[in-house]
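Sequence and predicted structure below; questions after.
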Amino acid sequence: MTESFPVRRPSGCPFDPAPEYAGYRRTEAPAKVSTPAGVDAYVISRYDDVRTLLRDTRLSSRLAPSEHVVPDADLDREVESGSILQADGAAHKRLRRMLATEFAVKRMEALRPRVAAMVEERIDAMLDSSPTPPPRSGPAADGPVDLVQEFALPIPSLVICELLGVPYADRDEFQERSAQLVRVDGWTEESQRASDDLNQYIVGLVLAKQAHREDDILSRLITRGEELGTPLSIEELVSVGVTLLIAGHETTANMIALSTLALLRNPAQLDLLRSDPSTVPAAVEELLRYLSVVHFGLFRQVTDDLTVGSSTIGAGDYLIAALSSANRDESVFPDPDRLDLERDAAAHVAFGFGPHQCIGQQLARLELQEVFTRLFARIPTLRLAVPFEEVDYRENTLVYGVTALPVTWDVPI
């Protein structure tokens with residue numbers, strides 16, 4: 001009997017992927033599972049297999065990356081025009097080439113001072129919002145403050161708004177709609193309204209950029225397409241804008257909050273980070289590996305027969321590249337269920353792999369590095385304001401995280 005695709009994290013440790021993956025990795029043939037989307041799919045759970053298949057041209061990305069966990073998803077619908085996530089072959093290369101310059105390492109490094117300033121401003125805002133401690137000697141408990149709303153969400157939202165030329169004053173509007181669109185409990189009328197509203201918002205933004213070019217990604221994409229003689233259509237620009245707006249803040253915001261919780265839960269590792277700021281870049285890679293916030297993996301359809309382990313998978317079948325499982329593969333990362341900031345985790349696949357590897361990964365790294373260089377240095381006594389067992393998690397969304405993270409700290413009298 002085909003078992004169901006695992007969609008729940010274990011109750012014991014919210015940082016670990018579903019326990020079924022460890023069993024899948026021990027078998028020669030990939031496990032075949034039934035999915036909420038209503039089709040069976042093969043789970044690719046081993047690190048080497050995931051990397052090999054994600055660069056295989058016999059896999060199509062025409063379906064949304066985690067469509068397999070959406071109940072009764074319409075897998076036969078047409079691919080949205082200009083979707084960089086779902087395009088294949090030449091169509092994908094064209095869009096990717098247009099965007100690659102915007103997220104090159106050199107351009108991202110040039111943003112570092114601005115991102116650092118944003119992080120400092122948000123830390124200042126948290127500290128300034130704290131109540132005055134009572135008139136007694138010794139430190140006073142401050143807060144609580146929801147780190148998600150006051151810190152983790154604003155930073156990537158500020159960054160992506162600035163890059164796209166989106167007024168930050170509109171953040172509540174796009175955050176509310178994007179939160180609806182990354183849910184996995186089925187497509188509803190509310191989902192459709194959120195999609196329509198967000199698309200309409202970006203249409204207006206694109207039209208404004210076409211009329212008046214500014215120093216932002218959308219304006220440069222418009223100009224670059226014209227200069228190359230292959231201008232992007234309104235539909236393509238809107239699709240790119242929506243994708244960057246959602247992906248640019250959802251994933252990083254959840255990584256910031258969940259990483260903070262993981263570090264607070266592992267004080268010895270947090271001490272390593274605090275004692276030597278030069279370890280932050282490597283620590284970020286380990287946190288990306290350990291948490292794997294794109295926790296349902298990547299959905300692909302096979303276009304021509306291929307072999308995985310001892311199984312031949314036929315054209316038309318579906319695969320799930322389980323990123324969180326690959327990142328806990330014992331053959332690549334010894335003692336993989338342990339957070340180890342001294343580990344060399346640079347080869348993780350948290351950003352995917354192959355032609356569809358996350359184009360904004362250098363921006364995400366930059367934001368996470370600046371956050372964890374500064375947050376615990378500025379607020380060294382940061383701690384949870386509620387018991388760890390009371391933290392609530394975002395399990396029904398495409399990107400894993402916490403719904404809120406109440407924190408407190410000590411302030412001097």
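Received it, and whenever you're ready, just let me know what you need. Numbers count the residues shown, from 1 in each chain.

and stretch 338-356, which residues are buried?
The neighbour-count check on stretch 338-356 (16 or more other Cβ atoms under 10 Å) flags 339-341, 343, 345, 348-356 as buried. (Glycine included, C-beta is placed from N, CA and C.)

Out of those, which is nearest to Arg383?
The closest of the buried residues of stretch 338-356 to Arg383 turns out to be Leu339 (Cβ to Cβ; 17.4 Å).

Who are the contact partners of the closest one?
Listed by Cβ atoms under 8 Å, 6 or more residues apart in numbering, the contact set of Leu339 reads 15, 262, 266, 269, 286-287, 290.

okay if I get these as CSV plus secondary structure?
Formatted as CSV, the contacts of Leu339 follow (DSSP: H, G, I helix; E, B strand; the rest coil):
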residue, secondary structure
Phe15, coil
Ala262, helix
Asn266, coil
Gln269, helix
Glu286, helix
Leu287, helix
Tyr290, helix
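
quick one on the thing from earlier: just send the buried residues of stretch 338-356 back as JSON lines, with distance to Gln86, pLDDT and secondary structure too.
What follows is the buried residues of stretch 338-356, written out as JSON lines (distance: Cβ to Cβ, whole Å; pLDDT from 0 to 100; DSSP: H, G, I helix; E, B strand; the rest coil):
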{"residue": "Leu339", "distance to Gln86": "34", "pLDDT": "98", "secondary structure": "coil"}
{"residue": "Asp340", "distance to Gln86": "36", "pLDDT": "98", "secondary structure": "coil"}
{"residue": "Leu341", "distance to Gln86": "36", "pLDDT": "97", "secondary structure": "coil"}
{"residue": "Arg343", "distance to Gln86": "34", "pLDDT": "96", "secondary structure": "coil"}
{"residue": "Ala345", "distance to Gln86": "29", "pLDDT": "98", "secondary structure": "coil"}
{"residue": "His348", "distance to Gln86": "24", "pLDDT": "98", "secondary structure": "coil"}
{"residue": "Val349", "distance to Gln86": "20", "pLDDT": "98", "secondary structure": "coil"}
{"residue": "Ala350", "distance to Gln86": "21", "pLDDT": "98", "secondary structure": "coil"}
{"residue": "Phe351", "distance to Gln86": "17", "pLDDT": "97", "secondary structure": "coil"}
{"residue": "Gly352", "distance to Gln86": "14", "pLDDT": "97", "secondary structure": "coil"}
{"residue": "Phe353", "distance to Gln86": "17", "pLDDT": "97", "secondary structure": "coil"}
{"residue": "Gly354", "distance to Gln86": "15", "pLDDT": "96", "secondary structure": "helix"}
{"residue": "Pro355", "distance to Gln86": "12", "pLDDT": "95", "secondary structure": "helix"}
{"residue": "His356", "distance to Gln86": "9", "pLDDT": "96", "secondary structure": "helix"}
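
mind listing the helices for the stretch 101-250 of the chain?
Listed in chain order, the helices of the stretch 101-250 of the chain (DSSP state H, counting those that start in this stretch) span 105-128, 147, 154-164, 171-181, 189-211, 217-228, 234-265.

Lowest mean pLDDT across those, which one is that?
For these, mean pLDDT drops lowest on helix 171-181, to a mean of 73.

one step back: of the buried residues of stretch 338-356, closest to Arg378?
The closest of those, once distances to Arg378 are taken by Cβ to Cβ, is Leu341, at 19.3 Å.

Pretty sure Phe299 sits against Arg62.
No - look at Phe299 against Arg62 with Cβ atoms under 8 Å: they stay out of range, at 9.8 Å.

Comparing these two, which shows the higher neighbour count?
Each of Phe299 and Arg62 has its neighbours counted (other Cβ atoms under 10 Å); Phe299 has more, 26 against 20.

if we can go back for a sec, what would the helices of the stretch 101-250 of the chain look like in CSV with mean neighbour count and distance to Ile379?
What follows is those, written out as CSV (neighbours: other Cβ atoms under 10 Å; distance: least, Cβ to Cβ, whole Å):
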stretch, mean neighbour count, distance to Ile379
helix 105-128, 15, 7
helix 147, 24, 10
helix 154-164, 22, 15
helix 171-181, 17, 24
helix 189-211, 15, 34
helix 217-228, 17, 32
helix 234-265, 23, 11
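
looking at the sheet around Val145, what are its partners?
Counting by DSSP bridges, Val145 is bridged to Val407.

In a markdown table: the helices of the stretch 101-250 of the chain, plus distance to Gln369.
Shown next, in a markdown table, are those (distance: least, Cβ to Cβ, whole Å):
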| stretch | distance to Gln369 |
| --- | --- |
| helix 105-128 | 8 |
| helix 147 | 18 |
| helix 154-164 | 12 |
| helix 171-181 | 23 |
| helix 189-211 | 29 |
| helix 217-228 | 21 |
| helix 234-265 | 11 |
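
Those helices: which one's closest to Arg46?
helix 234-265 (23.8 Å).

tilt between that closest one and helix 171-181?
For helix 234-265 against helix 171-181, the angle by axes from the mean of the first three to the mean of the last three Cα atoms, to 10 degrees is 90 degrees.

can you give me how far helix 234-265 is from the chain middle?
The gap between the average C-alpha position of helix 234-265 and the chain average comes to 5 Å, counting by Cα atoms, centre = their mean, to the nearest Å.

Stretch 91-111 too?
18 Å.

what's the answer for stretch 44-54, then?
Distance, centroid of stretch 44-54 to centroid of chain: 19 Å (Cα atoms, centre = their mean).

all strands of the stretch 1-150 of the chain, in order?
3-4, 31-34, 40-44, 59-60, 140-146 (DSSP state E, counting those that start in this stretch).
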